[in-house]
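**Q** sequence isn't available, so here's the structure alone:
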């Protein structure tokens, strides 16, 4: 069992492809939700005023977007502290 030597260029390429594909999938998800916000608002946030339904749908969209960022920041901070790094 020897140590495997990996090519740094290959590692960078794999990291880039992985990060880019994850980012594209995330933004595709948000784009689909944004386009379907009118229908989601009518179905889940029933109101007499269609503008209120649409705004409630966008508020749910904004909450999911911001909570994902907050969770990412807090988990990175937790991981660095548990690994012994200083913030």
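**A** Good, I have the coordinates. The shown structure was predicted, so the numbers you read here are calculated from the model rather than taken from an experiment.

**Q** mind listing the helices for the chain?
**A** For the chain, applying DSSP state H gives helices covering 8-35, 37-44, 50-82.

**Q** next, format those as JSON lines and append mean pLDDT and mean neighbour count.
**A** In this view, the C-beta of every residue, glycine as well, is placed from N, C-alpha and C. Below are the helices of the chain laid out as JSON lines (pLDDT from 0 to 100; neighbours: other CB atoms under 10 Å):
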{"stretch": "helix 8-35", "mean pLDDT": "88", "mean neighbour count": "10"}
{"stretch": "helix 37-44", "mean pLDDT": "89", "mean neighbour count": "15"}
{"stretch": "helix 50-82", "mean pLDDT": "76", "mean neighbour count": "12"}
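
**Q** need the contact list for residue 61.
**A** Applying CB atoms under 8 Å, 6 or more residues apart in numbering to residue 61 gives the contacts 30, 33, 34, 37.

**Q** try residue 49
**A** So residue 49 contacts nothing (CB under 8 Å, 6+ apart).

**Q** from residue 61, how far out is it?
**A** From residue 49 over to residue 61 the distance is 18 Å, taken as CB to CB, to the nearest Å.

**Q** do the same with residue 37
**A** Taking CB to CB, one finds residue 37 at 6 Å from residue 61.

**Q** what of residue 18?
**A** Distance, residue 18 to residue 61, using CB to CB: 26 Å.
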